[in-house]
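1. Task: produce atomic coordinates for the following.
(one chain, ligands or ions: 1)
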Amino acid sequence: MKLWNKGFEPDKLIELFTVGNDRELDLRLARYDVEGSMAHIRMLESIGLIESSELPQLLEALEDIAKSIEKGEFTIEEGVEDVHSQVELMLTRRLGDMGKKIHSGRSRNDQVLVDLKLFMRDELKTIADRVNNLFCRLLSLSEAHKDTLMPGYTHLQVAMPSSFGLWFGAYAESLVDDMEMLAAAYKIANQNPLGSAAGYGSSFPLNRTMTTELLGFATLHYNVVAAQMSRGKSERTAAYAIASVASTLGKFAMDVCLFMCQNYGFISFPDTLTTGSSIMPHKKNPDVFEIMRAKCNRLQSVPNEISLLTTNLPLGYHRDLQLLKDIIFPATTTICTCLDMCDFMLQHIIIKENILDDERYNYLFTVEDVNRLTVSGVPFREAYKQVGMQVQRGEYVPTREVHHTHEGSIGNLCNDKIAEKMHKVLEKFGY
Ligand code: ARG
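-> Below you'll find the model as predicted:
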């Protein structure tokens with residue numbers, strides 16, 4: 001039975017096609033649907049659309065549904081279109097006409113909107129937590145290995161001395177920018193759409209400020225059409241933030257694969273964290289980071305998928321929007337899995353010491369030697385030429401002394417400043 005039943009059942013094929021896997025996806029929204037309904041009925045009672053005596057019974061029934069959701073016992077029955085219909089059906093079964101009152105002044109359009117806002121808010125906070133975990137891991141690795149040098153490359157050619165401190169710290173600081181994106185997406189999700197109903201408001205004197213406060217939103221989407229138009233927009237903003245994290249993580253995964261390769265051999269992992277080959281008995285492959293790289297690359301297409309789904313939709317609700325769930329839900333899960341996996345692997349990373357002693361890295365020191373000559377009074381271009389000619393003639397002998405002192409260099413990582421920056425961004429989530 002549909003909420004919109006008018007005495008006929010739709011063709012089975014139509015139902016199958018339009019509902020698709022929406023019931024399954026809606027299970028992730030169930031707890032938010034109940035939360036939204038609780039706020040809505042409290043508000044309805046305050047404006048006299050629900051009796052004061054009815055409110056406690058309705059709240060109790062919703063509380064019981066919330067418990068069944070928490071226990072994993074809540075299901076959306078066959079023939080019921082979505083989570084919103086299921087919750088209303090359960091209330092009506094238990095409380096009769098009282099249950100039939102709760103939909104006054106709302107539509108499934110703003111119901112799903114509010115569910116999604118609450119969902120996105122929680123998911124973005126969870127992702128931010130995981131990003132922060134990885135950030136802390138990277139920063140502590142950076143501190144622990146700040147004196148261990150490694151080659152720095154440009155064009156994949158040996159360039160200048162770098163360090164593990166610089167490498168780990170670089171990805172930590174990069175995550176601060178991604179966190180800014182997550183905070184922006186969080187701010188956009190943190191607005192109440194409830195009361196926009198089908199997308200054009202209601203003739204009931206709804207108290208939207210009340211539901212905003214009850215649901216802990218920072219503000220509301222005032223304009224009801226803007227509220228409806230935020231469907232897709234909040235998801236796209238969140239997707240951009242997720243893609244931003246993914247691009248940092250994917251790049252890091254690529255570095256790890258490269259540095260694990262025998263021709264580099266800078267890092268390794270315990271055997272149990274590597275994978276083997278069915279034919280080559282010696283293999284210890286970095287499959288974890290390859291899968292991570294691939295997942296992160298795919299995640300970067302999510303904003304595009306959302307854009308394509310919503311491009312050229314005019315204002316108002318369209319059923320197209322339902323498919324957004326299928327795009328954004330798995331994305332939030334995948335990014336968390338990748339972040340956790342990366343953090344787990346980094347707890348076991350093995351770092352090679354004394355890499356630069358190998359003479360294939362001799363030329364890393366040419367700039368150090370040019371600078372040393374410059375400091376002793378030789379004009380830079382002249383010093384460059386002297387060292388350049390030594391290299392050209394095969395006579396260059398590196399001094400192998402590295403002395404970098406400016407902010408953000410290998411000798412002065414400023415990790416405390418980076419931690420401070422992250423702390424400031426995290427405050428935007430209300431931590
Ligand atoms: N499952 C639907 C969605 O996600 C719920 C809203 C249905 N609204 C409607 N007018 N058919 O969009």
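2. ok but S162 is inside a strand, no?
-> Yes - assessed with DSSP: H, G, I helix; E, B strand; the rest coil, S162 lies in a strand.
3. what's around it, how many residues?
-> For S162, the neighbour count with other CB atoms under 10 Å is 18. Heads up, the C-betas are built off the backbone N, CA and C, glycines and all.
4. Excluding chain neighbours, give the residue nearest to whichever residue of the stretch 201-350 of the chain sits closest to the ligand in space.
-> Nearest residue of the stretch 201-350 of the chain to the ligand, counting by CB to the nearest ligand atom: Q322, 3.6 Å away. Nearest residue to Q322 in three dimensions, chain neighbours excluded: D22, at 5.9 Å (CB to CB, 6 or more residues apart in numbering).
5. where's the one you found relative to the ligand, distance?
-> Counting by CB to the nearest ligand atom, to the nearest Å, the gap from D22 to the ligand is 5 Å.
6. buried stuff in stretch 316-333?
-> Y317, L321, Q322, L323, L324, K325, I327, I328, F329, A331, T332 (16 or more other CB atoms under 10 Å).
7. And the contacts of it?
-> Applying CB atoms under 8 Å, 6 or more residues apart in numbering, the contact partners of stretch 316-333 are 18, 21-22, 25-26, 28-29, 109, 116, 120, 123, 126-127, 198-199, 225, 228, 231-232, 235, 238-239, 242, 299, 302, 305-306, 309-310, 313.
8. Let me know the secondary structure of the closest residue to W167 other than its chain neighbours.
-> Closest residue in space to W167, ignoring its immediate chain neighbours: M150 at 6.7 Å, by CB to CB, 6+ apart. M150 falls in the strand class when you classify it by three-state DSSP.
9. what is M150 paired to in the beta sheet?
-> S162 (DSSP bridges).
10. and it, how many neighbours?
-> Look at M150: counted by other CB under 10 Å, it has 24 neighbours.
11. Same check on the one 10 residues further on?
-> Burial of M160, expressed as a neighbour count using other CB under 10 Å, amounts to 17.
12. Next one: it relative to the ligand, how far apart?
-> On the measure of CB to the nearest ligand atom, M160 and the ligand end up 53 Å apart.
13. Just give the number of residues close to the closest residue to that residue other than its chain neighbours.
-> Once flanking residues are discounted, M160 sits nearest to G152: 4.7 Å by CB to CB, 6+ apart. Neighbour count of G152, defined by other CB under 10 Å: 15.
14. Quick one: residues contacting G152.
-> Contacts of G152 (CB under 8 Å, 6+ apart): A159, M160, P161, S162, L166, L364.
15. which intervals of the protein have sub-threshold pLDDT?
-> Across the chain, the ranges flagged by pLDDT under 70 are 1, 4, 431.
16. residue ranges for the strands of it, please.
-> Along the chain, counting by DSSP state E, strands occupy 149-154, 157-163, 191-192, 219-220, 267-268, 350-351.
17. Of those, which stretch is the most buried?
-> Compared across those, strand 191-192 shows the largest average neighbour count, a mean of 24 (mean count of other CB atoms under 10 Å).
18. contact partners of it?
-> V114, K117, R208, T211, T212, L215, F217, A218, T219, L220, H221, S230.
19. and what of stretch 342-351?
-> 130, 133-134, 137-138, 141, 145, 148, 164, 249, 252-253, 256, 266-270, 273, 288-289, 292.
20. how about it: buried residues?
-> Buried residues in stretch 342-351, counted by 16+ other CB under 10 Å: C342, D343, M345, L346, I349, I351.
21. hang on, the earlier thing: what subset of the contacts of stretch 342-351 is buried?
-> Buried subset of these (neighbour count, 16+ other CB under 10 Å): 130, 134, 137-138, 141, 145, 148, 164, 249, 252-253, 256, 266-269, 273, 288-289, 292.
22. Keep only those of these that are in helices.
-> Judged by DSSP state H, helices contain the following of the buried ones among the contacts of stretch 342-351: 130, 134, 137-138, 141, 164, 249, 252-253, 256, 288-289, 292.
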